[in-house]
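[1] Quick one: sequence plus predicted model below, questions after.
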Amino acid sequence: MNYNSFEDTGLIKVLKFLKIHNTEYLSGQDLSDVLRISRVAVWKHIKKIQALGYTVESKQKEGYKLTKNSELLLPWEIISGLETKVFGQQAYYFDSIDSTQNQALKMANESKNEGTIIISEKQTGGRGRLGRKWISPKGGIWFSIILHPKFDISNITLFPIASSLALSYAIEKTCKVSTELKWPNDLTIKGKKLAGMLVDATFESNRIENLILGVGINFNVNIKEIEKVLKKTPNYYGVSSLNEQKNKSNPVELIQSFLSELEKVYEELNNNQTKKIIAEWTKRSSTIGRKIEINTNDGKIKGEAIKIDYDGGLIVKSESKTNKIIAGDIIHLSK
């Protein structure tokens, strides 16, 4: 099952009409007459709407009334009230997919709409950094965004830093939960992983052609089940979920807030306004000032994380020298 934000199907027409008139009952005949579809078609659409998680009350001789919205990340819900210029204004929804990142990569050259978002209720082959599997069951928030940036290729390593900062802002605003930022692109709560990001890019003539941001958030997941799978994987440091924080927010509102915050930092990157991003990320960082160990292509490095550089690289001071790390797995050793 999949939907998008721009096809005005019969189901969406019925749903829109129910939303507009959600204080009253509408008869099947009224819906049939106004929308110019048969009463049987109205009934079938109502059943599908209910299957999507909407509560539609039905009373004999009175008709139908929408009493509660769905909490599924449906594209028309994402764009309704979305306060962005571009990001998220075109959306695709899947109930299940191998990977939103793979789907976005397939669509990137076809779609020139900046900020197109691909969402799935679950992923069967979700990808994390360094080719690792990302466990993506129902209850989480899994999506990818297609971008065509104007910023210089040298800023690409700063992009996941900026994106994780945007998500931290959004979670704080919508869920009233404070998160820590672990270099390069993880969000944690009390040191346990809440969310992560993956960036894929294609290049042409020394410029970024397509940039795909993949985001995974443990929103309302069974962390014990995820921990069983991940405990023996490299660099495992625990799992957290927003439902543990007595989170009462709506996942649609969280995505909308993130898209707004991401669009702001993206514009800052496009205008080369990087100092503010670095300063704000550092304030929320759990990595800076910590003793860390990092696995790189040249072997392990131990030292203190001093700061992030202008391009998002991590500056690590060891006993013998100071290193700049562009990519790698870090382990927090102590404060």
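    Structure's in. What do you need?
[2] CA-only coordinates of the longest strand anywhere in the chain in PDB, if you can.
    In the chain, ranked by residue count with DSSP state E as the criterion, the top strand is strand 192-204. This file holds the C-alpha atoms of strand 192-204, laid out as PDB (Å, rounded to 0.1, in the frame of the first residue of the first chain):
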ATOM      1  CA  LYS A 192      21.400   5.600  24.600                       C
ATOM      2  CA  LYS A 193      20.600   5.900  20.900                       C
ATOM      3  CA  LEU A 194      17.300   7.500  20.000                       C
ATOM      4  CA  ALA A 195      17.800   8.500  16.400                       C
ATOM      5  CA  GLY A 196      20.400   8.300  13.600                       C
ATOM      6  CA  MET A 197      21.000   9.600  10.100                       C
ATOM      7  CA  LEU A 198      22.500   8.400   6.900                       C
ATOM      8  CA  VAL A 199      23.700  10.600   4.000                       C
ATOM      9  CA  ASP A 200      24.100   9.300   0.500                       C
ATOM     10  CA  ALA A 201      25.300  11.600  -2.300                       C
ATOM     11  CA  THR A 202      25.900  11.600  -6.100                       C
ATOM     12  CA  PHE A 203      28.300  14.000  -7.700                       C
ATOM     13  CA  GLU A 204      28.800  15.600 -11.100                       C
END
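[3] buried sites along the worst-scoring helix or strand of the chain on mean pLDDT?
    Ranked by mean pLDDT, DSSP states H and E, the weakest helix or strand in the chain is helix 223-230, scoring a mean of 78. Judged by neighbour count (16 or more other C-beta atoms under 10 Å), helix 223-230 contains these buried residues: 223, 226, 230. C-beta here means a position set from N, CA and C on the backbone, and glycine is covered the same way.
[4] Next: stretch 31-50.
    Of the residues in stretch 31-50, those buried (16+ other C-beta under 10 Å) are 31-32, 35, 37, 41-43, 45-46, 48-49.
[5] Outline the domain layout of the chain.
    2-68, 75-284, 291-334 (automatic domain parsing).
[6] surely Asn185 meets Gly196?
    Yes. Between Asn185 and Gly196 there is a contact under C-beta atoms under 8 Å: 6.4 Å.
[7] And Arg290, how close does it get to Leu167?
    Taking C-beta to C-beta, to the nearest Å as the measure, Arg290 falls 21 Å from Leu167.
[8] Where do the strands of the stretch 51-200 of the chain begin and end?
    55-59, 63-68, 91-94, 116-120, 141-147, 180-182, 186-189, 192-204 (DSSP state E, counting those that start in this stretch).
[9] Would you mind pulling up the elements that the third one packs against?
    In terms of contacts (3 or more C-beta pairs under 8 Å, 6 or more residues apart in numbering; DSSP states H and E), strand 91-94 is packed against strand 2-4, helix 75-79, helix 100-107, strand 116-120.
[10] give me that answer again for 6 Å
    On a contact count with 3 or more C-beta pairs under 6 Å, 6 or more residues apart in numbering; DSSP states H and E, strand 91-94 meets strand 2-4, helix 75-79, strand 116-120.
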